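> Here you go, sequence then predicted model.
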Amino acid sequence: MSIQWFPGHMTKAMRTMQEAAKTVDAFGYVLDARAPASCFNPEFEKIVGAKPCVFILNKCDLADEAATQKWQEFLSRKAPTVRVSATASKDAGKIVSALEAATQKTREKHQAKGVYRPVRCMIIGVPNCGKSTIINCLAGRKTVVTGDRPGVTKGKQWVRLKNGLELLDTPGTLWPKFEDQQKAYRLCFIGSIKDDVTDGAEVAKKLLAAVWQLYPHSISSRYGFDFTDEQQSFAQVAARRGFLLRGGEIDEERTAKAVADDFRKGKLGRITLELPEEV
């Protein structure tokens with residue numbers, strides 16, 4: 001199965017972001033800590049340009065802590081990097097401090113000219129990486145719509161914080177063609193590509209294989225068996241969960257959803273799918 005997903009609304013969103021980028025002072029680039037490299041959208045480089053950028057490693061509560069530390073050290077060589085769990089209000093201060101530091105020169109220039117306007121930061125990232133949740137965390141209230149699936153944010157939304165920062169929430173956006181199918185699968189695993197545009201059973205089988213290769217104890221601990229091959233292990237999950245149809249046939253839809261949920265909700269443990277040395 002070859003994975004490609006770039007619906008028309010993403011083309012429109014990219015154009016809107018390119019226009020809005022002219023009016024912002026910095027960027028908050030949100031990356032899912034479980035697959036940071038796969039979350040880099042090559043199209044965003046054109047949008048960010050030379051403006052200050054802060055990497056926000058999100059969902060760290062679901063990622064391998066040691067691997068997240070490696071990613072923070074690696075990314076910090078390129079730009080300021082903070083690691084957070086968007087649902088933890090205590091992490092809001094880290095992001096605000098990083099954005100304030102990144103825009104300090106801009107604010108000083110404004111003040112020197114007698115210009116007092118909010119510093120504007122655009123929050124960008126692939127679908128379902130947690131941009132809107134982060135903005136709500138920073139604002140201390142629900143200001144933008146969130147959801148645990150891609151495509152919830154439909155257009156740009158400005159949110160003003162108490163400290164004078166203005167944040168622009170943008171739709172999660174991918175790129176026109178996935179040359180690297182391994183990255184495409186990882187984006188499926190973390191929910192950045194809609195489940196209903198792929199073969200769910202195929203994705204679940206690849207996910208089981210990937211987790212077994214990296215964290216074999218996670219599979220045996222959660223499901224009570226050692227991985228053998230994709231098809232047989234998928235069938236074993238179905239049998240143990242009782243997801244069988246009449247005649248013993250596998251209910252592929254329910255089994256695929258169960259495997260995806262186990263990973264995305266952390267029931268398989270804290271997992272990181274890629275490391276900086278692989279980049």
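Done, it's in. Numbers count the residues shown, from 1 in each chain.

> Roughly how far does C129 sit from G28?
For C129, the distance to G28 equals 11 Å [Cβ to Cβ, to the nearest Å]. All C-beta atoms are positioned from the backbone trio N, CA, C, and that covers glycine.

> Of those two, give the one with the bigger neighbour count.
Between C129 and G28, counted using other Cβ atoms under 10 Å, the more crowded position is C129 (29 against 24).

> helix or strand for that one, which one?
Following DSSP states H and E, there is no helix or strand that holds C129.

> Next one: Q4 from V197, what distance?
Per Cβ to Cβ, Q4 is found 9 Å from V197.

> no wait, N136
Remark: distance between N136 and V197 (Cβ to Cβ) = 27 Å.

> Which of these two has more residues huddled nearby?
N136 (22 against 13).

> Following element in sequence after the helix or strand of the chain with the lowest mean pLDDT, please.
Ranked by mean pLDDT, DSSP states H and E, the helix or strand of the chain with the weakest confidence is strand 157-160, at a mean of 82. Tracing the chain past strand 157-160, the next element assigned as helix or strand by DSSP H and E is strand 165-169.

> what does that next one rub up against?
Strand 165-169 is contacted by residues 20, 24, 28, 96, 99-100, 103, 118-123, 131-132, 135, 138-139, 144, 153, 156-161 when judged by Cβ atoms under 8 Å, 6 or more residues apart in numbering.

> Going through these, which ones are buried?
Neighbour-count burial (16 or more other Cβ atoms under 10 Å) is assigned, among those, to 20, 24, 28, 96, 99-100, 103, 118-123, 131-132, 135, 138-139, 144, 153, 156-157, 159, 161.

> pLDDT averaged over the strand or helix carrying S218 - what is it?
If you go by DSSP H and E, S218 is part of helix 216-223. For helix 216-223, mean pLDDT is 96.

> likewise stretch 124-134?
The average of the pLDDT scores along stretch 124-134 is 91.

> mind checking the end-to-end distance for it?
Stretch 124-134 has an end-to-end distance of 11 Å (Cα to Cα, to the nearest Å).

> Chain neighbours aside, what residue packs nearest to H217?
Spatially, and ignoring its direct neighbours in sequence, H217 is nearest to G269 (7.8 Å; Cβ to Cβ, 6 or more residues apart in numbering).

> Do I have it right that the one you found meets S221?
Yes. Using Cβ atoms under 8 Å, G269 is in contact with S221, at 7.4 Å.

> on that earlier part again, mind exporting the C-alpha coordinates of the least confident helix or strand of the chain to PDB?
Extracted in PDB, the C-alpha atoms of strand 157-160 (Å, rounded to 0.1, in the frame of the first residue of the first chain):
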ATOM      1  CA  GLN A 157      -7.500  31.700  14.400                       C
ATOM      2  CA  TRP A 158      -5.900  34.500  16.400                       C
ATOM      3  CA  VAL A 159      -5.600  34.200  20.100                       C
ATOM      4  CA  ARG A 160      -4.200  37.000  22.400                       C
END
